[in-house]
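> coords below, sequence missing:
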Ligand SMILES: Nc1ncnc2c1ncn2[C@@H]1O[C@H](COP(=O)(O)OP(=O)(O)OP(=O)(O)O)[C@@H](O)[C@H]1O
Ligand SMILES: O=P(O)(O)OC[C@H]1O[C@](O)(CO)[C@@H](O)[C@@H]1O
Ligand SMILES: [Mg+2]
């Protein structure tokens, strides 16, 4: 039993089991030939017991269940299949990176090229220069294991990236003209939306081309998946800025260190960097409203903390408190993302002005903005391993004939996820979750919720016995 649309196939099973399946080339091209997976005779992989994924393996999206819970939503498990839908000689792959930078982009590129070559004997891989537009506005780059050998040690993307609109028809023309049949698209929410449209156009033209997305967002705001690559590296690098702020703050009387971190709509980097550091007195994120003046406000808290400790460190996500800034920028970047005001600078001025006006406490404030430093670095060891698995999951899926999917770990198991599931909403810090409570208790900051916000937050709260539908609950405990 099930229903089909071009983005996602819903299959219903026993006891409330639902599979949100990804499309396959055979959905619109009948009678495609299959080939035995070359990994069967690969010296490294052939000895692995159960290396191949069973065609029926699926991954549960919700793993905390009650005795009577329905089995719930499942996704197709990623990994190599016994049968593949591409002959090695036939494959002509391409890779494109779009959106902002993120640690690990080069590792994903490297591992797609090396995985295709070493596992599947594929030797035709093209790099698209400068994001989506590069498909039709620039020359391509030939990618071989030799070319990409060392790139994981460098930040950025060797292919270049861009924001801003693109022409889907021209991209698919370019794919068709060049004889490309596997397209690997690395990028954030905007990029994955673009990938979904490219897949639709390819399908409309009936082309045997697999489209595989690899989600990239330093902000960790892509839903469904456990975590996005580069996030850990960014949190680690943020520690250096927080340490510097702490050293500065503790070295003067009433020292205040302010650190601004990335996070337009989601405060994960700020939250995790704060929790990891333990030197932070206050963390401000877009999901948690705050106010400055009066009882219970931020300025009162700053004064209190300085009186208690003689110094304080504030971490603020770039999207926090934007509603408080008097001038709201009504500008957008080339991709239509709202441009934000520098909230770090603003809050630094407001704190300094407040204490200067009061004239009762002299403070020294240092503002550190490591925004681009935390994303322009190479990925750390654990992100490198993670990027390797993402790349391999993506190419196993494409070789097995799946298309129109993005890949990522769901409860620790790599899965193929329909594009619409990762683009329909953004992953955000839930301020009524235990993780945010842990943060509040580690910094001992007030929640800054005024009575109205309190009621709003409570309204969203589930009754204690109800299981949350949460895709990617931050709370793994
Ligand atoms: N709604 C959309 N539909 C189709 N394509 C889109 C959409 N939004 C963005 N794109 C395409 O995706 C590309 C990247 O988008 P964007 O600049 O928003 O970055 P992103 O992928 O969201 O990454 P980041 O996490 O850095 O914001 C753009 O070049 C644009 O052409
Ligand atoms: O300055 P750019 O390249 O547009 O990117 C900035 C944005 O990209 C992000 O890192 C998302 O990828 C945001 O946190 C940040 O605001
Ligand atoms: Mg985006």
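Cool, the structure landed. In this text the structure is predicted, and so the values were computed from the model without any measurement. Numbers count the residues shown, from 1 in each chain. Ligands and ions are numbered 1, 2, ... in the order given.
> from here on, contacts and neighbour counts on C-alpha atoms
OK.
> where does the chain have its least confident helix or strand?
strand 2-4 (a mean of 59; mean pLDDT, DSSP states H and E).
> next SSE after it?
Counting by DSSP states H and E, the next helix or strand C-terminal to strand 2-4 is strand 9-12.
> tell me what that next one is packed against?
strand 2-4, strand 17-21 (3 or more C-alpha pairs under 8 Å, 6 or more residues apart in numbering; DSSP states H and E).
> Around ligand 1, pick out the residues from the stretch 101-250 of the chain.
132, 162-166, 187-191, 193-194, 217 (C-alpha under 6 Å from any ligand atom).
> Please repeat the previous calculation with a cut-off of 5 Å.
Selection of the stretch 101-250 of the chain residues close to ligand 1 by C-alpha under 5 Å from any ligand atom yields 163-166, 187-191, 193-194, 217.
> Among the residues you listed, which one lies nearest to ligand 2?
residue 217 (5.1 Å; C-alpha to the nearest ligand atom).
> what about the helices in the stretch 251-400 of the chain?
268-277, 298-309, 343-358, 381-399 (DSSP state H, counting those that start in this stretch).
> so which of the ones you listed gets nearest residue 206?
helix 381-399 (16.2 Å; C-alpha to C-alpha).
> May I see the buried residues of that closest one?
383-399 (16 or more other C-alpha atoms under 10 Å).
> Which neighbouring elements make contact with that helix?
helix 105-120, strand 210-215, helix 231-250, strand 405-410, strand 413-418.
> Now do the contacts for residue 374.
Neighbouring residues of residue 374 by C-alpha atoms under 8 Å, 6 or more residues apart in numbering: 233-235, 237-238.
> Can you give me the domain assignment for this structure?
Structural domains assigned to the chain are 30-48+83-226+381-407+418-423, 231-377, following automatic domain parsing.
> any idea how far ligand 1 is from residue 303?
From residue 303 across to ligand 1, the span is 36 Å (C-alpha to the nearest ligand atom, to the nearest Å).
> Show me which residues of the stretch 301-450 of the chain sit near ligand 1.
Near ligand 1, when you scan the stretch 301-450 of the chain using C-alpha under 5 Å from any ligand atom, you find residue 335.
> what about whatever residue of the stretch 301-450 of the chain ends up closest to ligand 1, neighbour count?
Taking C-alpha to the nearest ligand atom, ligand 1 has its nearest neighbour within the stretch 301-450 of the chain at residue 335, 4.6 Å off. Residue 335 sits with 14 neighbouring residues when counted by other C-alpha atoms under 10 Å.
> rewinding a little: nearest to residue 16, of the helices of the stretch 251-400 of the chain?
When the helices of the stretch 251-400 of the chain are ranked by proximity to residue 16 (C-alpha to C-alpha), helix 381-399 comes first, at 26.4 Å.
> now residue 201: how far from residue 395?
Residue 201 sits at a distance of 21 Å from residue 395 (criterion: C-alpha to C-alpha, to the nearest Å).
> State the helix or strand in which residue 435 lies.
Element membership of residue 435, judged by DSSP H and E, is helix 434-443.
> Rounded mean pLDDT for that helix, please.
Averaging pLDDT along helix 434-443 yields 96.
> same check, this time on stretch 187-199
97.
> From the residues of the stretch 101-250 of the chain next to ligand 1, list the buried ones, please.
Counted by 16+ other C-alpha under 10 Å, those give 163, 166, 187-191, 193-194, 217 as buried.
> Give me the subset of those residues that also touch ligand 3.
With C-alpha under 5 Å from the ion as the criterion, those include 189-190 near ligand 3.
> Farthest pair within the buried ones among the residues of the stretch 101-250 of the chain next to ligand 1?
Going by C-alpha to C-alpha, the pair spanning these furthest: 166 and 217, at 19.9 Å.
> that older thread, a markdown table for the contacts of residue 374, including pLDDT?
Listed next are the contacts of residue 374 as a markdown table, based on pLDDT from 0 to 100:
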| residue | pLDDT |
| --- | --- |
| 233 | 98 |
| 234 | 98 |
| 235 | 98 |
| 237 | 98 |
| 238 | 98 |
